[in-house]
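> need coordinates for the below:
(4 chains, ligands or ions: 2)
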Amino acid sequence: MLIFEHSRSGRTNPVQAPRGEAAKSDIPQRFRRRHRPLLPEVSEMQAVRHYTRLSRQNYAIDTHFYPLGSCTMKYNPRGCNTLASLPGFLGRHPLAPTPTHGQGVLACLFELQEMLKQVTGMQEVSLTPMAGAQGEFAGVAMIRAYHESRGDEERAELLVPDAAHGTNPATAIMCGYKVREIPTDAAGDVDIEALRQVAGPQTAGIMLTNPSTLGVFERRIHEIADIIHSAGGLLYYDGANLNAILGKVRPGDMGFDVIHLNLHKTFATPHGGGGPGSGPVGVGKRLLPFLPIPVVGRKGGSYYWLTEQEYPQSIGRLSAHMGNIGILLRAYIYIRMLGAEGIERIAEFATLNANYLMKRLAQNGFEMAFPERRASHEFILTLKNEAKQTGANAMDFAKRLLDYGYHAPTTYFPLLVPECFLIEPTETEDKATLDGFAEAMSAILQEARTNPELLKQAPHSLPVKRLDDVKAVRKLDVVWRG
Amino acid sequence: MLIFEHSRSGRTNPVQAPRGEAAKSDIPQRFRRRHRPLLPEVSEMQAVRHYTRLSRQNYAIDTHFYPLGSCTMKYNPRGCNTLASLPGFLGRHPLAPTPTHGQGVLACLFELQEMLKQVTGMQEVSLTPMAGAQGEFAGVAMIRAYHESRGDEERAELLVPDAAHGTNPATAIMCGYKVREIPTDAAGDVDIEALRQVAGPQTAGIMLTNPSTLGVFERRIHEIADIIHSAGGLLYYDGANLNAILGKVRPGDMGFDVIHLNLHKTFATPHGGGGPGSGPVGVGKRLLPFLPIPVVGRKGGSYYWLTEQEYPQSIGRLSAHMGNIGILLRAYIYIRMLGAEGIERIAEFATLNANYLMKRLAQNGFEMAFPERRASHEFILTLKNEAKQTGANAMDFAKRLLDYGYHAPTTYFPLLVPECFLIEPTETEDKATLDGFAEAMSAILQEARTNPELLKQAPHSLPVKRLDDVKAVRKLDVVWRG
Amino acid sequence: MPFIPHTADEVREMLALIGAQNIDELFSEIPLELRLRESGKLPPALTEMEVGRLMQERALQDSQPLCFIGAGAYEHHIPAAVWEIAARGEFYSAYTPYQAEASQGTLQLLYEFQTMMASLTGMDVSNASLYDGASALAEAVLMAVRVNHKSKSRRVLMPMTVHPVYRQVVRTIVHNQGIELVELPYCTECGNTVPDSLHRFADEDFAALIIPQPNFFGILEEVDLLTDWAYANGILAIGLVNPTALALLSPPDEWGGQGVDIACGEGQPFGAPLSSGGPYFGFLCCRESHVRQMPGRIIGRTTDTDGKAGYTLTLQAREQHIRRSRATSNICTNQGLMTTAATIYMALLGPAGLEQVAACCHAATRKLVENLGAIEGVEMQFDRPFFHEVVLVLDVPVQPLLDRLAQQQLLAGYHLGADYPELGNALLVCCTETKSDDDLQQFITLLSEAMADLRRSRC
Amino acid sequence: MPFIPHTADEVREMLALIGAQNIDELFSEIPLELRLRESGKLPPALTEMEVGRLMQERALQDSQPLCFIGAGAYEHHIPAAVWEIAARGEFYSAYTPYQAEASQGTLQLLYEFQTMMASLTGMDVSNASLYDGASALAEAVLMAVRVNHKSKSRRVLMPMTVHPVYRQVVRTIVHNQGIELVELPYCTECGNTVPDSLHRFADEDFAALIIPQPNFFGILEEVDLLTDWAYANGILAIGLVNPTALALLSPPDEWGGQGVDIACGEGQPFGAPLSSGGPYFGFLCCRESHVRQMPGRIIGRTTDTDGKAGYTLTLQAREQHIRRSRATSNICTNQGLMTTAATIYMALLGPAGLEQVAACCHAATRKLVENLGAIEGVEMQFDRPFFHEVVLVLDVPVQPLLDRLAQQQLLAGYHLGADYPELGNALLVCCTETKSDDDLQQFITLLSEAMADLRRSRC
Ligand SMILES: Cc1ncc(COP(=O)(O)O)c(C=O)c1O
Ligand SMILES: Cc1ncc(COP(=O)(O)O)c(C=O)c1O
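Numbers count the residues shown, from 1 in each chain, chains lettered A, B, ... in the order given. Ligands and ions are numbered 1, 2, ... in the order given. Okay, here's the model as predicted:
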């Protein structure tokens, strides 16, 4: 039932509305609203009950194993939420003067910048981008500003591997670049020969993640960096996969000039059913002047905003204030709780879990996309044989997993592996959970062989059965009209 | 799965344990523990996931209609929780000095005492009892102290209607009294003639609720008060049903000498899956000196504890401090949000809902225990005919209601009505919910007629099917042993 | 190990199955010369208790002054239920609802959100959020340029009465695509964009006109005239609106004869704490005919195999994960949890409650204005209808005044000098329903004292 | 109407069905002369925003001093997850689990709680909570009197080293049943109950002996000797224990040769905020043979019709709602939500974590004691093993000292004078793991300054 269906005309919740006669007659009629909007008229309890019940229809990290590849669904420590929600933080107006009313929050942000520099090996960090994709925008815009600042205006192309996340090419376009796809070789690495052929004076740069979205480490990264740098281009690091290498190898050391981080992945800030995220950018020397503002500076023990004054060549501002500060605080708290050693263990155990689960699934007869490679923090399995043999495809396996109490892995991405599952267990899951998942996969495979309809009709135990996505597009219904 | 089954030896959650070497060698071996207790060894995420999932197996006011008679399961405003949980309140040590570190909380408690005096018509209130039953204990202990203080030591009997809640006779015994049951007449009132016969010099008092647990108002309350008072006894008011009469009639005005309130019923504090509750007591003039301590006093604008100094005849203390203060704060906030008018509307709409639902169910063919009476805030329906005709009894109806998404009403209480449902919708439910419940009852009645097994096997859609209570007693398993 | 559940035994078993000697071996594909040798200079781990104490101290440092700053971020009462529910693990720790059947909670809620926002703006459809108001405006500009088939222009008219930082953000985001923003001056007497002043652009070609309501000064723009002018000239109209104000003011769909094409704005007033500027959320609504050019997630209602209603991400072919370089935007993660809070906020307030919020905000600001007479040297800059925010001009310099009042725990407003030097000693002041009569009195008292002192110290 | 959903139309429809003219008619059975005529003197309704502001101001008034008071209520770190989960609506707003199938969450959790508490105390079984530590001790006394078949005595031995208020509470609760509490003196040198002093009671008949560990002074009692003495004399032993201490100290089940019969105590240290004294919870564990005399709810594991494990209230025949006047206690509502928090607390800490908590509390107190040498005029009253709490004797009067330190936001301890005048200027001081080295330093510094000042002002 929709909240509107609980609504009755004339019902109010006076405890939440301010009291008092509030004349608005000084606002001339021509500016005034004539009909009230369709908002629900429900009691407080009805709202609480409705949204509490709705919440229970979600799978989430707090309730289910959620091995969604590329998304790093790890435990979001509750302490981060509680502490970032202290009244002093929540109540602060963004324009409150920092000398008297902001040293607390700025201290946290400054230290976060420093810590992110440490873990990425970059020279400077700006925390302002509000998600990974906005971080990408900032990064690519800086690459562009860099070339323009040198009068190197011919560079109109950005190289992107064919396995890249969709935000990479989309960002390139938003920054006014043409996208050139680079193929992947059979082992999952970038096809170096192809790369050599396309790199040239028109190349503004390349966007990579490493480990790549194929779940393997790009071994010839040094060579790639050489090729691009020799061609006069810059290297962009998509930090969505940083969880795999924290404390092991740093993007700065691999030769990247700019990087974004997904704090809502690597640094355990919540994904909130779609956001808010946070996508800080880090840069090497070349891109330093172009950082998006504001950045937090420190002078004589006190903290303040660095703006266009200190960064006259900045690509500018990306949000009305400084992005998702509440999320930045959560990441800050998380890193403080982990410390140097804890950060390093993330990559170790994320990788251990991925390799273990990969091996278990391989032993259970599933085919890996890159069986000869080590998994990074994630790995890809292809169900193409199963699909051929049983008629149940990757989507059917995914939906059936929901019945078994597991969120499905990422399906059909990267597109170059047919019928694929991109599986990322993360370091916060225990062995028993991985074993349970592997067993569920085998059980489903058995079902696929004996009764594929069971999979095709799945899920069977959720609030709704398989939903008709095609109808959702054809008969577009995006607003309730009673 | 039990939390212990997630446990693995050697797993720790270091973020929550304090750091540092902490030698304990000054504690001699003979005092020291040799084996660690069986506590779960789980990661923080495992604990969070386990208990989050467990919570989802509960019905609660925030998720379901919960018409549990006598329990007043109304909406527990979230604001009461948030505000009672402000750090200044949560962090205060009970022995913190009140002049410097306690005026805030004492101001709330003092005002709460005043407000409860207002709504009950009593002279003074002590907030210290921690639940209804402890309030009863305090009240009856005061009655006893009163008689003893007058040297009136022969009074060894406490009268209790046969329909009374079990805590009433149990309390009488805890206070060293004998219990004498008073029968109920056919209309649901106390049998006045029977009462006259038993009241006498051995009568310490009578414990009543009004409206009674039969869901009807005791109309001859004045006569009862006269009988008891003339016999030298006192009247105890069990406040569990106060929701029915708030702002309409006050126990003090009905002639009661002492009363307890259930803040976790009438004043919307949460029941927490079993508690904590809060059972303040109010007294008339006669019992004033015997109030349990501490009570909050005010002198010259500042608040302080009243103790044995001010109440040398007090029955004493009932808790190490002053009871469930966090709960008292919630009740305080609730009353402030309702105000005088809001409080009065509680009884009105609780009564409207009960009478409406009673009428709807009667129209649907159900038999009411007292069809000629107005319902108070609750009413009783008997399924004795249905049980005879279909073999499905009140328990079966109750379990089947769970499948329909409703918590069951109170069953088999009061015992004198066979196969009964005690139904209390409360004022916070809307008409549509009551209609839905009435329809579900009819649907179940239909099922009982056509397929009684469906009811006897119910519930069918919950985490477990019908549980074997008899086995739970016979093969007692109250501690997990691996 | 913080947040890592593995026991030593388990690690051994797992490595054995993998066939590796130790964990380090799993990183063997990383070229040795790249491997980090020391573990960096991060501070040592703190326990939750320790970091708790640190954060408590830091939060206290920022204290909680009496705040009359608005300027795009507004202090409103947030019902306790909003975050007690939004912070439930099932909302808080879920990903974007890619597996619809396992995400009906988030999806239905977002469908309800879209319905509420569409109704509030009067538009046909709404997306499920963008990052914030400023970036939503930038996306609206990009969308308008894509959508306007009547014009091939990449020029967009943007009044100077739009929030100055929004203008910067829009520029940052759109200029790489060759879009030019043409600034429209405002009347320094009235504080609004004078419709007549547009006539000089009548012969030029533009893709869109942005219309803020209220504008950055709190002043109500002549939205009907502006929208009609845009329509008459084949220019798309983009309404930039405050959602609280919409409870009182006419919805952008009803501006002029045709209404706007796109309405967008900052969602913060609906349940988002001020939180130093974020997380907030942007909203964007439009006519149904433009829906395929809309950026961001959209939730649709459909049916399952039993014919039962259910909700799912729809029109994904607009999005980067399907359309890649031809997507309507690169946005992926949005501000889901904030829209969750906003949806619960709207449900708890309802139409009457929200109208009362707006009316009380406005009435408080008006009351403040009426009492300013008590202070020497303060005047209203603009004499036109406004909503809940006004520009005052003072006879003393603003910055020293604000600094001094901040010491007294009063944040008296936003200093307009840097953005609008032509206005002189101008202060943008906002009241919301959180300001009691006592608060207003406090404002008046402290401000007049401080001004008197400042004046004295100057002579 | 606050929290009432009815619209005027609905009220009309409902009244029509009922057949009443108006709501007032529904109260027609209440004698007219009793009906209230005015609506009383309650204050007018506040909105949540208004009451929020009021409560914020009140909470601030109580401020957050540095607190070294223990005396039965202990400041421990509470992991954030504890209350973020315990406050979920499903736990927070459920009733006692009478409908087991619809309450498996609460029931399984309580079964886990019972298991944890039984293991911590070493006892066979645990109930699902009583009101608090003091009333739990009273219930233990009543239970012991019922259970002890060897003795018909209604006399119980209670050491003076038991918390003074607990002794009062026990008296209040048990004396109406004719139970006599005989106080055992303690050694003012050592601070414990001297086992040899019991010999003089050897010929008397008692139902039970209470043994606190640690006792109110923080001192460790000779629990083995005391328990053995009780056993030898046909007296039931009741252990009164601090649950944090149990992570370090031997469980009551192992005291002496046979262990105690009943173990009980205050559960507050496990996840309950100090909160001015409540809500906390009492726990009570016992030998399996006594389980049918145990007061309070007990959860049992059973199976459903499919043979699947499930949980339900069991042994209800002990309880008031079934057994009425012959019940083991009148308790009905207990402290469910606090045990929910305690269970999550124990799961988050685990055995090693809990031991570390206990060890760190104790180490901090010892560190404080070791540094007291730096202050003139302070001495340890007792020189015996203790746990995390100690009695200091001062050469200045305690109350003025405490008042003065409270002004400096230091609560230096609990003044023992009122309860134990024989100890002179005695102060009970406690450290928990929440006290950092800086805090200890602060304590030392402020205390020595204040004492010096006081001494000066006296001469
Ligand atoms: C590899 C990769 N790059 C970029 C992104 C985009 O990040 P965001 O969703 O935070 O905008 C994602 C997120 O799904 C990703 O997996
Ligand atoms: C009529 C009546 N009296 C007394 C009580 C006991 O109150 P409590 O459970 O708070 O001890 C109850 C609670 O169920 C009740 O319904």
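> closest point of the stretch 51-200 of chain A to chain B, which residue?
Minimum separation of the stretch 51-200 of chain A from chain B (Cβ to the nearest Cβ) falls at A:Tyr75, amounting to 3.6 Å. (Each C-beta comes from the backbone N, C-alpha and C, glycine too.)
> and that residue, how many neighbours?
22 (other Cβ atoms under 10 Å in any protein chain shown).
> nearest residue to it other than its sequence neighbours?
Counting by Cβ to Cβ, 6 or more residues apart in numbering or on different chains, B:Met45 is the residue found nearest to A:Tyr75 once chain neighbours are left out, at 3.6 Å.
> can you give me the distance of the one you found to A:Phe65?
According to Cβ to Cβ, to the nearest Å, B:Met45 and A:Phe65 sit 10 Å apart.
> intersection of neighbour lists for those two?
Common contacts of B:Met45 and A:Phe65 (Cβ atoms under 8 Å, 6 or more residues apart in numbering or on different chains): A:Glu429.
> who has more neighbours, those two?
Under the criterion of other Cβ under 10 Å, the comparison of B:Met45 against A:Phe65 puts B:Met45 first, with 26 against 22.
> surely A:Pro40 meets C:Tyr345?
No. If you go by Cβ atoms under 8 Å, A:Pro40 and C:Tyr345 don't touch, sitting 11.3 Å apart.
> more crowded one of the two?
Taking neighbours as other Cβ under 10 Å, A:Pro40 and C:Tyr345 compare with C:Tyr345 leading, 30 against 26.
> any idea which element that one lies in?
helix C:336-371 (DSSP states H and E).
> near chain D at all, that helix?
No. Counting by Cβ under 8 Å from any Cβ of the partner chain, chain D is not contacted by helix C:336-371; separation bottoms out at 9.6 Å.
> now that helix: buried residues?
Residues of helix C:336-371 classed as buried by neighbour count (16 or more other Cβ atoms under 10 Å in any protein chain shown): C:336-366, C:368-369.
> domain ranges for chain A?
Per the record, chain A has its domains at A:3-16+A:29-55, A:80-338, A:346-469, by automatic domain parsing.
> now C:Gln408. Nearest residue, chain neighbours left out?
Closest to C:Gln408 by Cβ to Cβ, 6+ apart is C:Leu446, at 5.7 Å.
> so the one you found belongs to a helix, correct?
Yes. The assignment for C:Leu446 is a helix, going by DSSP: H, G, I helix; E, B strand; the rest coil.
> read off the pLDDT value for it.
Note for C:Leu446: predicted pLDDT of 97.
> from what I see, it and C:Leu405 are in contact.
Yes. Between C:Leu446 and C:Leu405 a contact is recorded at 5.9 Å, counting by Cβ under 8 Å.
> who has more neighbours, those two?
C:Leu405 (24 against 17).
> and the gap between the nearest residue to C:Lys41 once chain neighbours are set aside and ligand 1?
Spatial nearest neighbour of C:Lys41, excluding adjacent residues (Cβ to Cβ, 6+ apart): A:Gln118 at 5.6 Å. From A:Gln118 across to ligand 1, the span is 22 Å (Cβ to the nearest ligand atom, to the nearest Å).
> in the helix or strand that contains A:Gln118, what counts as buried?
Per DSSP H and E: A:Gln118 is located in helix A:103-120. Buried residues in helix A:103-120, defined by neighbour count with 16+ other Cβ under 10 Å: A:103-113, A:115-120.
> which elements pack onto that helix?
helix A:87-90, strand A:124-126, strand A:258-261, strand A:281-283, strand A:295-299, strand A:302-306, helix A:325-363, helix C:48-61 (3 or more Cβ pairs under 8 Å, 6 or more residues apart in numbering or on different chains; DSSP states H and E).
> what average pLDDT does the first one get?
It refers to helix A:87-90. On average, helix A:87-90 scores 95.
> for the third one, same thing?
For strand A:258-261, mean pLDDT is 98.
> residues in contact with that strand?
Contact with strand A:258-261 is made by A:116, A:120, A:122, A:129, A:132, A:135-136, A:138-139, A:142-143, A:234-239, A:242, A:251-252, A:267, A:279-284, A:287, as judged by Cβ under 8 Å, 6+ apart.
> quick revisit: same list (the helices and strands packed on helix A:103-120) but as TSV, adding mean neighbour count.
Output for the helices and strands packed on helix A:103-120, formatted as TSV (neighbours: other Cβ atoms under 10 Å in any protein chain shown):
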stretch	mean neighbour count
helix A:87-90	19
strand A:124-126	24
strand A:258-261	30
strand A:281-283	31
strand A:295-299	17
strand A:302-306	17
helix A:325-363	24
helix C:48-61	20
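> nearest to ligand 1, of the ones you listed?
strand A:258-261 (7.9 Å; Cβ to the nearest ligand atom).
> strands paired with that closest one, and their directions?
strand A:234-239 (parallel), strand A:281-283 (antiparallel) (DSSP bridges).
> pipe those into TSV and attach mean pLDDT and distance to B:Glu193 per row.
Formatted as TSV, these follow (pLDDT from 0 to 100; distance: least, Cβ to Cβ, whole Å):
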stretch	mean pLDDT	distance to B:Glu193
strand A:234-239	97	85
strand A:281-283	98	88
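> which parts of the stretch 151-300 of chain A are helices?
Assigned by DSSP state H, counting those that start in this stretch, the stretch 151-300 of chain A shows helices spanning A:167-174, A:192-198, A:221-230, A:251-254, A:263-266.
> among those, which comes closest to ligand 1?
helix A:167-174 (4.3 Å).
> what residues does A:Thr213 make contact with?
Taking Cβ under 8 Å, 6+ apart, one finds A:70, A:163-165, A:241, A:413-414, A:422 in contact with A:Thr213.
> how about A:Arg180?
Going by Cβ under 8 Å, 6+ apart, A:Arg180 touches A:157-160, A:198.
> and it, what pLDDT?
96.
> tell me the bridge partners for it.
A:Leu159.
> also C:Ala263?
C:Gly239, C:Cys285.
> so it makes contact with C:Gly239?
Yes. Assessed by Cβ under 8 Å, C:Ala263 is found in contact with C:Gly239 at 4.2 Å.
> so for these two, which residues contact both of them?
C:121, C:252.
> show me which of those two is the more surrounded one.
Between C:Ala263 and C:Gly239, C:Ala263 has the larger neighbour count (other Cβ under 10 Å), namely 33 against 30.
> ok, now how distant is that one from chain D?
Distance of C:Ala263 to chain D, computed by Cβ to the nearest Cβ, to the nearest Å: 28 Å.
> can you check A:Glu218 too?
Taking Cβ to the nearest Cβ, one finds A:Glu218 at 38 Å from chain D.
> okay if I get the strands paired with strand A:258-261 as a markdown table plus distance to ligand 2?
Output for the strands paired with strand A:258-261, formatted as a markdown table (distance: least, Cβ to the nearest ligand atom, whole Å):
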| stretch | distance to ligand 2 |
| --- | --- |
| strand A:234-239 | 55 |
| strand A:281-283 | 58 |
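> as JSON lines, these with distance to D:Phe91 would be great.
JSON lines is the format used below for the strands paired with strand A:258-261 (distance: least, Cβ to Cβ, whole Å):
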{"stretch": "strand A:234-239", "distance to D:Phe91": "38"}
{"stretch": "strand A:281-283", "distance to D:Phe91": "42"}
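> low-confidence ranges in chain C?
Chain C contains residues with pLDDT under 70 at C:39-40, C:459.
> which residue ranges make up each domain of it?
The record's domain parsing of chain C by automatic domain parsing lists C:8-60, C:66-75+C:352-458, C:80-346.
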